[in-house]
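Asks: Sequence first, predicted model second:
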Amino acid sequence: MNTEFDFSIKSICFDEHYQPSEKTRLTTNFANLARGSRRQDNLRDTLKMINNRFNALVHWDNPNADRYSVQLEIVSVDIDIEGNGRTFPSIEVLKTNIADHKTNRLIEGVVGNNFSSYVRDYDFSVLLLEHNKDRETFSVPDHFGELHGKLFKSFVHSNHYQDNFKKLPVICLSVSDNKVYHRTENQHPVLGFEYEPNEPSLTERYFKKMGLQVRYFMPPNSAAPLAFYFFGDLLNDYTNLELASTISTMETFQKIYRPEIYNANTVAGRRFQPSLKHPDHSLTRIEYDREERSQLAVKQGKFTEEHFIKPYQKLLEHWSANFAL
């Protein structure tokens, strides 16, 4: 495997006192919450929602629904292209840990969950938009997502990752609002009923280049399925507590960011077509500006183009062409 690029990992606690660093993408779920006059209320309410949902999912030996709390770390990964100590922010993910207040143990959870990437911002908010600017029909550029996918695989298979994390990542995202999902008879005690899409989405194809496969499950008492991107065997490689920590964290974020789907007042049926225009939904008390978030994605994609893609273009192309696991 080509190990030319060097990665560095930093983590910070995500709690009610969290403040985003200068390098954090402001479109990131957790960073977006930690801004404005209600920032501390936003964070406190979000963490309470996560803990309540986790205890509802993990209800065995938990009669008062207060046995556990979920602790979150923001894991930031920087990449050094030239080996000279100058780094560019690569990705940010969330790491869950589970505090068991009955046994006074801290149980390691799942790394991944939320996934943010400057290069993905560039791919979707700059490259893809420019490619389709004067086209009548939508298309995807050649080799779309290949560099990003190889950078991600390089990190996951690096010594840095393996020294810091016991298991491979699981990333949990929203379903696509332009696909139709059908419920199957397959049911997991924590993940719930499995759904299958009518066709692969662009996000699925993009994450496949990162080496990730996807399955869709609607956990008990959820309004809609979630997309779980993973390596290996999702149902057997992770414990119920680990899976519940991902569900409770990411479903909470989706209720805030996509309430039309995940805080809908009607539950997804056997055939489900998500819509961001669905009027019958409830809002959380947590403030969020979706329009600002999409504008920031373009801004950060252009930042990536200026400070990463263009300066290192030839080096990145050479590395990508010779990359192999």
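Replies: Nice, I can see it.
Asks: C-alpha only now, for contacts and for neighbours.
Replies: Fine.
Asks: the helices in this structure, which residues?
Replies: With helices called from DSSP state H, the chain shows them at 29-33, 39-57, 118-122, 128-131, 146-156, 159-164, 202-208, 234-237, 240-257, 259-262, 290-304, 313-322.
Asks: Show me what the third one is packed against.
Replies: Read that as helix 118-122. Applying 3 or more CA pairs under 8 Å, 6 or more residues apart in numbering; DSSP states H and E, one finds that helix 118-122 makes contact with strand 88-100, helix 290-304.
Asks: Which among the helices of the chain is found nearest to Pro189?
Replies: Each of the helices of the chain has some distance to Pro189 by CA to CA; the shortest is helix 240-257, at 8.2 Å.
Asks: now the angle from the closest one to helix 39-57?
Replies: If you take axes from the mean of the first three to the mean of the last three CA atoms, to 10 degrees, helix 240-257 sits at 140 degrees to helix 39-57.
Asks: name the helices or strands packed onto helix 240-257?
Replies: Using 3+ CA pairs under 8 Å, 6+ apart: helix 240-257 touches helix 39-57, strand 88-100, strand 105-117, strand 170-174, helix 259-262.
Asks: Please work out which residues outside that helix touch it.
Replies: Identification of contacts with helix 240-257 by CA atoms under 8 Å, 6 or more residues apart in numbering yields 29, 46, 49-51, 53-54, 57-58, 70, 96-98, 108-110, 113-114, 172-174, 190-191, 219, 226, 261-263, 283-284, 286, 288, 290.
Asks: out of the helices and strands packed on helix 118-122, deepest packed?
Replies: strand 88-100 (a mean of 21; mean count of other CA atoms under 10 Å).
Asks: so how far is that one from its chain's centroid?
Replies: Per CA atoms, centre = their mean, to the nearest Å, the displacement of strand 88-100 from the mean C-alpha position of its chain is 10 Å.
Asks: how close does Thr137 sit to His131?
Replies: From Thr137 across to His131, the span is 11 Å (CA to CA, to the nearest Å).
Asks: Could you check which of the two is surrounded by more residues?
Replies: His131 (13 against 7; other CA atoms under 10 Å).
Asks: for the more buried one, what are its contacts?
Replies: Ser139, Val140, Pro141.
Asks: Tell me how many other residues surround the closest residue to the first one other than its chain neighbours.
Replies: Looking back up the chat, that one is Ser139. Nearest residue to Ser139 in three dimensions, chain neighbours excluded: Asn132, at 6.7 Å (CA to CA, 6 or more residues apart in numbering). For Asn132, the tally of surrounding residues (other CA under 10 Å) stands at 14.
Asks: Asn132 contacts Phe138, correct?
Replies: Yes. Taking CA atoms under 8 Å as the definition, Asn132 is a contact partner of Phe138 at 6.1 Å.
Asks: circling back to that earlier point, which ChimeraX command selects the buried ones in the contacts of helix 240-257?
Replies: Applying 16 or more other CA atoms under 10 Å to these, the buried members can be selected in ChimeraX as follows:
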select :29,46,49,50,51,53,54,57,58,70,96,97,98,108,109,110,113,114,172,173,174,190,191,219,226,261,262,263,284,286,288
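Asks: worst average pLDDT in the helices and strands packed on helix 118-122?
Replies: Lowest mean pLDDT of those: helix 290-304, a mean of 78.
Asks: Ala297 is nearest to which of the helices and strands packed on helix 240-257?
Replies: Comparison of the helices and strands packed on helix 240-257 against Ala297 by CA to CA identifies strand 105-117 as nearest, at 10.1 Å.
Asks: List the pairing partners of that closest one within its sheet, with orientation.
Replies: strand 88-100 (antiparallel), strand 170-174 (parallel) (DSSP bridges).
Asks: Please convert these to JSON lines, extending it with distance to Pro279.
Replies: Formatted as JSON lines, the strands paired with strand 105-117 follow (distance: least, CA to CA, whole Å):
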{"stretch": "strand 88-100", "distance to Pro279": "31"}
{"stretch": "strand 170-174", "distance to Pro279": "18"}
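Asks: Setting the sequence-adjacent residues aside, check what's closest to Gln187.
Replies: The nearest residue in space to Gln187 (CA to CA, 6+ apart) is Phe193, at 4.4 Å.
Asks: Next up, the contacts around the residue nearest the centre of the chain.
Replies: Computing the C-alpha centroid of the chain and ranking residues by CA atoms, centre = their mean puts Asn114 first, at 2.5 Å. By CA under 8 Å, 6+ apart, Asn114 lies in contact with Asn29, Glu92, Val93, Leu94, Ile171, Cys172, Leu173, Met250.
Asks: how does it look with 10 Å?
Replies: Listed by CA atoms under 10 Å, 6 or more residues apart in numbering, the contact partners of Asn114 are 28-30, 74, 92-95, 170-173, 246, 249-250, 253.
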